[in-house]
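Engineer: When you get a sec, could you give me coordinates for this:
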Amino acid sequence: MDRDYWNRISKNYEREVLSVFDNDLQGVVEEKIAAAGVAYPRGRAVDVGCGIGRFTPLLSEMFCEVDACDFTSVGLKKAKARCRSKKNVRFYELDITKDSFPFKTVDFVFCVNVLIMPSLDSRMRAWWNVSNQVVSNGTLLLVVPSYESFQMEYYHRVLARIGDGESTGSAVKNCIDEKATAADMRLGVLQLDGVRTKHYLKDEVETMVRARHFEIVEVRKVKYRPQCDSKFATWDWLVEARRN
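Structural biologist: The predicted model follows:
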C-alpha cells in the first residue's frame, strides 16, 4: 500500500472515497456493530484501518475500550479530532502488512475495506494479523469489495453502450480499463478509480475466513447508492464470523 497516496486521499476523504458509513443504504454495518455491543457488554474492540474515524465514535459507544489503527498520519489526525471527547479510544499508526498489533486480542474486530492490497503477499500478512486479533468466541466483522458487483457493473455499462447504438465489440472494448491485465483479473485485482484494488468473490472470502478457524454467522451485501451517472447500485460483501 502506498502511504503517500492514502495520506493525500485522506485530506479530501469525503470527496475521494465511497464512504461505507454514509452510503450503506440499509444500515447493515451499524446494525452489526450495535448487535455486537449487546453481545459483548463489557467488550473490547479494534477498528482496523480506521481511516478518518467514521465508525470509531459508534464503536466507542458500544464497547468499553476501542483500539483504532491506520497507517496514514493524516487520516489518524482527523480520526482523533472526531473522537476527542471519547476517553475510551486509543489510536495507533501502524502498517498491518508489516507491524504487529501493539494491543491485546479483543472480542470484536472491525475491518472495513482494508484488505484491498493488490499484492497477495501483503494481503495475506495483513489478513493473518487481523484474524489473529480475535479472541476465542469473539466476532470478526469484515467488509470487502465484491468481484461480482464489479462484473455486474461492467455488464450494465456494456448494455448501456449497445443501447446507445455501439456494436457489441466496441462496447466491450470501451468498457475495459486499458490498465487492466489478465493476471490481475484472475486474482480479482481490478482498477478502482485508477488504483489496483483487490475484489473478492463470495465463495473466496468465505473460504478465506473459514481457513482461519472462524465459523461464518452471516454473509450479506452492503448495498450502495448508484454513483455519478450510473444507474447500477453496487455492493460490498459483509462477513460476520465467530472465532472457534
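
Engineer: partners of the helix or strand where Lys223 lies, with directions?
Structural biologist: Per DSSP states H and E, Lys223 falls inside strand 214-223. Strand 214-223 has these partner strands in its sheet, going by DSSP bridges: strand 235-243 (antiparallel).

Engineer: Give me the buried positions along the partner strand.
Structural biologist: Buried residues in strand 235-243, counted by 16 or more other CB atoms under 10 Å: Trp235, Asp236, Trp237, Leu238, Val239, Glu240, Ala241, Arg243. Any C-beta I mention is one placed from the backbone N, CA and C, and that applies to glycine too.

Engineer: and if you look at stretch 28-40?
Structural biologist: So, applying 16+ other CB under 10 Å, buried residues of stretch 28-40: Val28, Val29, Lys32, Ile33, Ala36, Gly37, Tyr40.

Engineer: What helix or strand is Asp203 located in?
Structural biologist: helix 202-210.

Engineer: End to end on stretch 79-94, go ahead and measure it.
Structural biologist: Start-to-end span of stretch 79-94 (CA to CA, to the nearest Å) is 14 Å.

Engineer: Give me the residues contacting that stretch.
Structural biologist: Here stretch 79-94 makes contact (CB atoms under 8 Å, 6 or more residues apart in numbering) with 50-54, 56-57, 59-60, 63-73, 76, 101-103.

Engineer: Return the subset of those residues lying in strands.
Structural biologist: Counting by DSSP state E, those place Glu65, Val66, Asp67, Ala68, Cys69, Asp70 in strands.

Engineer: State the distance from the third one to Phe91.
Structural biologist: Taking CB to CB, to the nearest Å as the criterion, Asp67 is separated from Phe91 by 8 Å.

Engineer: Comparing these two, which shows the higher neighbour count?
Structural biologist: For Asp67 versus Phe91, neighbours defined as other CB atoms under 10 Å are more numerous around Asp67 (24 against 18).

Engineer: what's the next secondary structure element after the longest helix belonging to the chain?
Structural biologist: Across the chain, the longest stretch assigned as helix under DSSP state H is helix 147-163. Downstream of helix 147-163, the next assigned helix or strand under DSSP H and E is helix 168-175.

Engineer: Let me see the mean pLDDT of stretch 69-89.
Structural biologist: When pLDDT is averaged along stretch 69-89, the result is 94.

Engineer: With that, I have no additional questions.
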